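Q: this one's sequence-less:
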């Protein structure tokens with residue numbers, strides 16, 4: 001490769017280099033974990049700069065703030081590296097000096113820029129703020145409560161409480177607000193069509209839940225091995241077998257498009273098979289059935305029923321009765337939506353849905369859309385698998401169908417289904433669209449992150465779970481193997497092996513403690529056997545921080561040194577609170593709260609009665625610092 005080529009130091013493979021330098025056609029690069037897809041996108045950005053585009057003519061977007069920061073840092077570092085090289089360094093120094101103005105951000109930041117550029121057309125105060133998701137959830141919860149209060153005092157709205165419980169109404173309303181733009185469109189349709197779309201969305205969401213899909217597969221595996229009845233026991237076994245039979249009926253009904261039949265089967269599944277009975281403590285079927293019951297009650301009971309003995313099964317008459325409630329439900333939703341909008345307006349704020357919808361409205365205006373296409377010569381998108389349909393339309397409006405303008409990378413297997421409305425089907429449809437339009441959609445399967453034995457182990461573990469066959473369903477992504485760049489692990493490492501360390505207990509909390517102790521004991525054994533040479537070679541990964549305390553206790557009891565990288569719970573740890581209080585007391589001795597925290601910490605160990613006597617020893621309460629100094 002030419003050493004003066006700005007891409008020379010990226011170390012791209014031939015496939016990556018072709019994708020990064022393709023000039024005449026759109027590129028939608030599919031690549032697995034560790035295959036260098038983001039590195040290829042960065043190389044594409046640098047290549048466009050080398051071809052004479054400015055940093056303002058290129059937009060590089062992704063979908064989270066963290067990913068956007070990483071992408072910006074990597075692009076800046078690549079430009080900085082070129083600026084210190086010999087040859088054309090002066091030109092790259094000028095580019096480096098302008099990189100602060102580069103459009104490298106989240107799609108929502110780009111939407112905000114578009115809106116602020118056209119405040120009159122958008123009918124917006126250009127000084128608006130973007131509400132964070134936590135505050136947005138608070139606004140929505142308040143809006144649901146306000147709408148239910150309105151319904152209780154309205155003659156028509158009160159009819160809803162005869163058809164639904166307050167809990168069901170709150171659940172329905174929360175779900176509608178969660179996808180408020182789609183909900184508003186849906187509720188303006190024919191009542192029967194509204195019912196169908198609503199139920200299909202709820203059922204689809206339930207079936208896509210990972211514990212549901214994996215739970216059914218695990219029950220089927222037990223049944224195929226002839227172990228289900230023995231594992232589940234005499235009470236639960238017949239129910240588990242019936243569950244699988246009904247699940248097959250459910251799949252057939254959905255495949256045939258018979259929504260009423262599907263709802264009837266789901267009702268029977270909940271009423272006849274999902275009960276927390278039987279199954280020993282070591283049963284594998286028992287926790288699956290219990291989890292399915294909880295998930296059904298959370299996601300489907302408010303729509304289909306079945307959890308309560310007085311619930312009526314779905315029927316044409318029930319559908320008709322439900323359809324009669326749609327106008328009232330629409331009025332209730334409008335009340336909640338108005339309350340939510342008032343909260344946003346009071347804070348001069350937009351949420352992510354507003355940003356996307358209103359930016360798309362502007363871009364679909366011929367004059368404004370053309371103006372942005374004139375500004376942008378290239379649209380680069382990272383993590384494209386996490387797009388939703390509205391975001392896809394924004395990206396298409398910016399690219400404008402110009403060949404070679406769009407460059408996107410993603411991996412359908414890594415799609416976080418429903419993350420902020422993300423839909424893997426958008427990614428897969430776009431791949432087909434790019435190919436049909438003459439673009440290229442290569443798959444890169446050479447992984448630099450893992451060696452061959454590890455990938456082989458992953459194939460054995462994950463392949464059967466995800467399935468390797470293409471079913472034709474856009475949402476179902478078949479598993480495909482990656483090729484390792486390294487044949488073997490590094491000299492300092494050992495080959496991969498899989499162990500399952502289980503902890504059983506009466507309830508989740510006891511099971512977590514048992515699992516933590518079992519893992520700590522196993523780590524000690526591996527250290528004694530020489531497999532682990534230093535505790536720094538071990539990393540424990542958790543789905544959530546709720547499990548930290550049990551494992552920290554177990555590791556400490558086993559004498560294993562550890563460091564917790566905790567996220568939001570880090571500053572709530574007792575030792576961290578004690579340290580923060582100590583530093584605050586040193587910085588400001590008049591801070592009574594911090595000083596009290598320091599005195600109560602293990603560093604001093606003062607009891608609550610002792611703290612009280614110190615403060616009130618002279619008869620009148622006095623500041624703690626004055627009491628320590630013996631001052632009145």
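A: Structure received. Nothing here was measured: the structure is a model prediction, and the numbers come from that model.
Q: What are the contacting residues of the helix or strand where residue 609 lies?
A: Using DSSP states H and E, residue 609 maps to helix 608-616. Applying Cβ atoms under 8 Å, 6 or more residues apart in numbering, the contact partners of helix 608-616 are 596, 599, 600, 606, 621, 622, 624, 627, 628. No exception for glycine: its C-beta is placed from N, CA and C like everyone else's.
Q: Can you point out the buried residues in that helix?
A: 611, 615 (16 or more other Cβ atoms under 10 Å).
Q: repeat for stretch 101-118
A: Neighbour-count burial for stretch 101-118 [16+ other Cβ under 10 Å]: 102-112, 114-115, 117-118.
Q: do the same with stretch 128-142
A: 128, 131, 136, 139, 140.
Q: Same check on stretch 530-541?
A: Buried, per 16+ other Cβ under 10 Å, within stretch 530-541: residue 532.
Q: per-residue confidence averaged over it?
A: What stretch 530-541 shows for mean pLDDT is 89.
Q: and if you look at stretch 520-527?
A: Stretch 520-527 comes out with an average pLDDT of 93.
Q: can you list the residues that contact it?
A: 499, 501, 532-533, 535, 538, 551, 554-555, 557-560.
Q: ok, the contacts of helix 608-616 vs residue 19, which is closest?
A: Using Cβ to Cβ, residue 600 comes nearest to residue 19 of these, at 60.0 Å.
Q: what about residue 200, which helix or strand?
A: Going by DSSP H and E, residue 200 is in helix 191-207.
Q: Which helix or strand lies directly C-terminal to that helix?
A: helix 210-224.
Q: May I see the domains of the protein written out as residue ranges?
A: What automatic domain parsing lists as the domains of the chain is 8-123+353-444, 135-337, 453-486, 508-555, 573-628.
Q: Lowest average pLDDT across the ones you listed?
A: Least confidently modelled of the domains of the chain is domain 453-486, at a mean of 71 by mean pLDDT.
Q: can you redo the buried residues of stretch 128-142 as a markdown table with secondary structure and distance to residue 76?
A: Formatted as a markdown table, the buried residues of stretch 128-142 follow (DSSP: H, G, I helix; E, B strand; the rest coil; distance: Cβ to Cβ, whole Å):
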| residue | secondary structure | distance to residue 76 |
| --- | --- | --- |
| 128 | coil | 28 |
| 131 | coil | 29 |
| 136 | helix | 31 |
| 139 | helix | 36 |
| 140 | helix | 37 |
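Q: ok now do residue 37, which residues does it touch?
A: Neighbouring residues of residue 37 by Cβ under 8 Å, 6+ apart: 29, 31, 382, 409, 410, 411, 444.
Q: quick one, strands of the chain?
A: Counting by DSSP state E, the chain has strands at residues 27-31, 58-62, 103-106, 129-130, 349-350, 378-381, 406-410, 443-444, 446-451, 483-486.
Q: so what strands line up beside the last one?
A: Meaning strand 483-486. Its sheet considered, strand 483-486 pairs with strand 446-451 (parallel) by DSSP bridges.
Q: Same question for the strand it pairs with: list its buried residues.
A: Within strand 446-451, the residues that count as buried by 16+ other Cβ under 10 Å are 446, 447, 450, 451.
Q: Quick check: closest non-adjacent residue to the last one.
A: Residue nearest to residue 451 in three dimensions, not counting chain neighbours: residue 486, with 4.2 Å by Cβ to Cβ, 6 or more residues apart in numbering.
Q: Show me the helices in the stretch 151-300 of the chain, by range?
A: Listed in chain order, the helices of the stretch 151-300 of the chain (DSSP state H, counting those that start in this stretch) span 160-163, 166-178, 180-187, 191-207, 210-224, 228-255, 259-268, 285-299.
Q: how distant is the last one from the center of its chain?
A: What separates the centre of helix 285-299 from the centre of its chain is 22 Å, taken as Cα atoms, centre = their mean, to the nearest Å.
Q: distance of residue 122 from residue 616?
A: As judged by Cβ to Cβ, to the nearest Å, residue 122 and residue 616 stand 61 Å apart.
Q: nope, residue 257 is what I was after
A: Applying Cβ to Cβ to residue 257 and residue 616 gives a distance of 76 Å.
Q: same deal with residue 233?
A: Relative to residue 616, and taking Cβ to Cβ, residue 233 is found at 63 Å.
Q: if we can go back for a sec, now the contacts of stretch 520-527 in JSON lines, with distance to residue 9?
A: Output for the contacts of stretch 520-527, formatted as JSON lines (distance: Cβ to Cβ, whole Å):
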{"residue": "499", "distance to residue 9": "41"}
{"residue": "501", "distance to residue 9": "44"}
{"residue": "532", "distance to residue 9": "36"}
{"residue": "533", "distance to residue 9": "34"}
{"residue": "535", "distance to residue 9": "36"}
{"residue": "538", "distance to residue 9": "34"}
{"residue": "551", "distance to residue 9": "42"}
{"residue": "554", "distance to residue 9": "46"}
{"residue": "555", "distance to residue 9": "42"}
{"residue": "557", "distance to residue 9": "49"}
{"residue": "558", "distance to residue 9": "46"}
{"residue": "559", "distance to residue 9": "46"}
{"residue": "560", "distance to residue 9": "41"}
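Q: of those, closest to residue 589?
A: Looking across the contacts of stretch 520-527 and measuring by Cβ to Cβ, the closest to residue 589 is residue 555, at 36.5 Å.
Q: Give the burial count for the nearest residue to the closest one once chain neighbours are set aside, as a bare number.
A: Nearest in space to residue 555, with sequence neighbours left out and distances taken as Cβ to Cβ, 6+ apart, is residue 562 at 4.9 Å. Using other Cβ atoms under 10 Å, residue 562 has 14 other residues around it.
Q: Equivalent analysis for residue 575, please.
A: Counted with other Cβ under 10 Å, residue 575 comes out at 9.
Q: how close does it sit to residue 611?
A: Relative to residue 611, and taking Cβ to Cβ, residue 575 is found at 20 Å.
Q: swap in residue 500?
A: 49 Å.
Q: Residue 602 contacts residue 579, doesn't it?
A: No. Using Cβ atoms under 8 Å, residue 602 is not in contact with residue 579; the gap is 11.1 Å.
Q: higher neighbour count, these two?
A: Under the criterion of other Cβ under 10 Å, the comparison of residue 602 against residue 579 puts residue 579 first, with 16 against 8.
Q: Quick one: distance of the lengthiest helix in the chain to the chain centre.
A: For the chain, the helix with the greatest residue count under DSSP state H is helix 316-346. How far helix 316-346 lies from its chain's middle: 27 Å, per Cα atoms, centre = their mean.
Q: With adjacent residues omitted, what lies nearest to residue 9?
A: residue 81 (6.4 Å).
Q: cool, residue 443 as well?
A: Nearest residue to residue 443 in three dimensions, chain neighbours excluded: residue 30, at 4.6 Å (Cβ to Cβ, 6+ apart).
Q: what sits opposite the one you found in the beta ladder?
A: Here residue 30, judged by DSSP bridges, has bridge partners residue 410, residue 443.
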